[in-house]
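Engineer: Need coordinates for the following:
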Amino acid sequence: MMVFDLCNEILKIQKLRRVVSYAGFYSFTAALTFFYIYKQHLYKAALGNCYESEDWGPVEFRIMAKHFERQAKSPYVYHSQYMAHLLSQGQLDGSG
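Structural biologist: Below you'll find the model as predicted:
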């Protein structure tokens, strides 16, 4: 009987470990998704808080590009430079 009880205890521990690992993975995935979406909202909020989206011109996008460049956020820099280039009708090439 001791062997049987020992096997049952081991199975309970293995089930507990499995449940904890699944919960940890789920929590990590949920947190990762939340923070990724949260950062996207922050970027959009930062752009929207300064001016209305219709009022933005190449100067405002260049200012935001410099701001994101100092923060080392290259995807945002690229987007801001691209929008400045489009709104300036090709006069700003993104070099500064």
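
Engineer: what's the following helix or strand after the lengthiest helix in the chain?
Structural biologist: Identified as the longest helix of the chain according to DSSP state H is helix 2-50. Remark: after helix 2-50, the chain's next helix or strand is helix 58-70, criterion DSSP states H and E.

Engineer: list the buried ones in that following helix?
Structural biologist: Under the neighbour-count criterion of 16 or more other C-beta atoms under 10 Å, helix 58-70 has Pro58, Glu60, Phe61, Arg62, Met64, Ala65, Phe68 buried. Any C-beta I mention is one placed from the backbone N, CA and C, and that applies to glycine too.

Engineer: Tell me the predicted confidence for the residue nearest the centre of the chain.
Structural biologist: For the chain, the residue nearest the mean C-alpha position is Tyr36 (2.6 Å; C-alpha atoms, centre = their mean). pLDDT for Tyr36: 77.

Engineer: From Thr29, how far out is it?
Structural biologist: 11 Å (C-beta to C-beta, to the nearest Å).

Engineer: same check, this time on His79
Structural biologist: Taking C-beta to C-beta, one finds His79 at 26 Å from Thr29.

Engineer: which one of the buried residues of helix 58-70 sits closest to Ser88?
Structural biologist: Ser88 has its nearest neighbour among those in Pro58, at 3.9 Å by C-beta to C-beta.
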